[in-house]
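Engineer: From the sequence below, what's the structure:
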Amino acid sequence: MATTLQNFSGKLWFAGFFCLNLFITTVFAERTIETEGSAAIINGATQLAKQHAIKNAVQQAMLQTEAKVDSSSTVSENVLIIDSVRVSAAGTVEDVQILDEWTTGDTYHVRIRAIVPHNKIRKPNPAARYRKKIAALQFQIINRTHTYDLPNIEHDLPRELLRRLELTGEFIAVDATAYLIPEVTPQVSDYAKQINHLSETLGAQIIINGVIRDLGVHKQYVVSKARQVEIELTIYDGFTGARIAQHRFSEKANHAGYLKPNTTLFSQADFYQTNFGRVLERILKRQVEFVQSDLLQIPFLARVLQVEGKKIFFNAGGVSLVRVGDVLSAYRFKPKPILDRSNQYLLGFDQDPVASIAVKNVQPQFSIGQLEVDKVKLYPGDIIRFGW
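Structural biologist: Sure thing, here's the model as predicted:
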């Protein structure tokens, strides 16, 4: 009998502990928050301002859950998803209810109640951001005698870099190795115009140019050789032609001479077993990391292709992860360039915000957005932007 009571007492204690644990888990697994948001009413677009006000309120809700949110979000039915290029910790806000909405002058206000599940606060997935189109040009070779065993290195190297960049999920690769822009000082006059022209031709936001400065084989010791690898990489904003970043990668491949005839770069496992192959592998990995880092804070841009009334066609679609319901901003560059103090180097162009558009139709390579107001006019070549 004592054993039976002891067993029953143990089971009762376990059941009580289980219920308490379930209660605590349920309480702390989600949190109900009431918060307010606001947005400016531009050109009488009250519905668009309402959407932005709701997003602002959701951001405030997310900030109360220790998630750091620095940008806008997109709407998917009754779930508002916080996930953009400036979010360092992302999550979802569910069961959003609008408790009140009102206007004060040119500002739209909303008050919402939402549930924030703690188990859905997550780090942003790089592949979930908009994918930028990035093009790599043919690399310039300074000394052809260094590359007689690598007859297509000026094409193969940028193509391999593009392949690896696309594998990150953050970029759409555009092969531009048919184009060569020789190394010059990136002054306003010609170089930036060439970059901008190629960007329009290729439909790419980012242009990468490279210079192979050294691939020569040198005697290291009496009976040994080493191959010096020195490659310069420059990243340009295709919309303005301005230089974003420049890096030089230099490393020596010990006990490495010229390759045997008919050696295929990058596609053969045996190549990466050579000292020269290992060095190129390390440099390519570093190049990908630098490009990712340099472009992390660059907003996603696309170009207006054509305009039919309030319908706006732009050159980013499903492959860029644009979705129906996304709200993007339209900008127009001012004609006068911004130069450095010496008036030699292009820094970029000032931009005027023109309007916001809501995406209504998405095709693989382009999307169609709609203006909410009639007062605004967009033109081919205007900029569509997500971000700050």
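Engineer: in the chain, which spans are helices?
Structural biologist: With helices called from DSSP state H, the chain shows them at 2-29, 46-63, 153-167, 191-202, 275-295.
Engineer: Contact partners for residue 36?
Structural biologist: Applying Cβ atoms under 8 Å, 6 or more residues apart in numbering to residue 36 gives the contacts 57, 60, 109, 110, 111, 112. Any C-beta I mention is one placed from the backbone N, CA and C, and that applies to glycine too.
Engineer: which of these sit farthest apart?
Structural biologist: 60 and 109 (12.2 Å; Cβ to Cβ).
Engineer: hmm, back to that, show the buried residues in the contacts of residue 36.
Structural biologist: The neighbour count (16 or more other Cβ atoms under 10 Å) marks 57, 60, 109, 110, 111, 112 as buried among these.
Engineer: was I right about the second one contacting residue 38?
Structural biologist: No. The pair residue 60 and residue 38 fails to qualify as a contact (Cβ atoms under 8 Å) at a distance of 10.0 Å.
Engineer: what about the strands in the stretch 201-350 of the chain?
Structural biologist: All strands of the stretch 201-350 of the chain, identified by DSSP state E, counting those that start in this stretch, fall at 206-214, 217-219, 225-237, 243-254, 300-308, 311-314, 327-339, 346-362.
Engineer: So which of the contacts of residue 36 is the closest to residue 43?
Structural biologist: residue 109 (18.6 Å).
Engineer: which non-adjacent residue is nearest that closest one?
Structural biologist: residue 38 (4.8 Å; Cβ to Cβ, 6 or more residues apart in numbering).
Engineer: isn't the one you found right up against residue 111?
Structural biologist: No. Assessed by Cβ under 8 Å, residue 38 is found out of contact with residue 111, at 10.1 Å.
Engineer: domain parsing for the chain?
Structural biologist: 25-124, 132-295, 300-386 (automatic domain parsing).
Engineer: TSV for those, including mean pLDDT?
Structural biologist: Output for these, formatted as TSV (pLDDT from 0 to 100):
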stretch	mean pLDDT
domain 25-124	66
domain 132-295	89
domain 300-386	84
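Engineer: so where do the strands sit in the stretch 51-200 of the chain?
Structural biologist: 74-76, 79-82, 91-104, 107-117, 132-137, 140-141, 171-176.
Engineer: anything in contact with each of residue 60 and residue 109?
Structural biologist: Both residue 60 and residue 109 are contacted by 36, 37, under the criterion Cβ under 8 Å, 6+ apart.
Engineer: Give the buried residues for stretch 193-204.
Structural biologist: 194, 195, 196, 198, 199, 202, 203, 204.
Engineer: Check those residues and tell me the two furthest apart.
Structural biologist: Of all pairs in the buried residues of stretch 193-204, the most separated under Cβ to Cβ is 194 and 203 at 16.1 Å.
Engineer: Show the backbone phi and psi for residue 148.
Structural biologist: With angles defined as degrees, to the nearest 10, residue 148 sits at phi -70, psi -20.
Engineer: next one: residue 168
Structural biologist: phi -70, psi -20.
Engineer: Check residue 258 too.
Structural biologist: phi -70, psi 150.
Engineer: Residue 154 contacts residue 137, correct?
Structural biologist: No. The criterion here is Cβ under 8 Å, and residue 154 misses it with residue 137 at 9.5 Å.
Engineer: Mutual contacts of these two, please.
Structural biologist: 177, 180.
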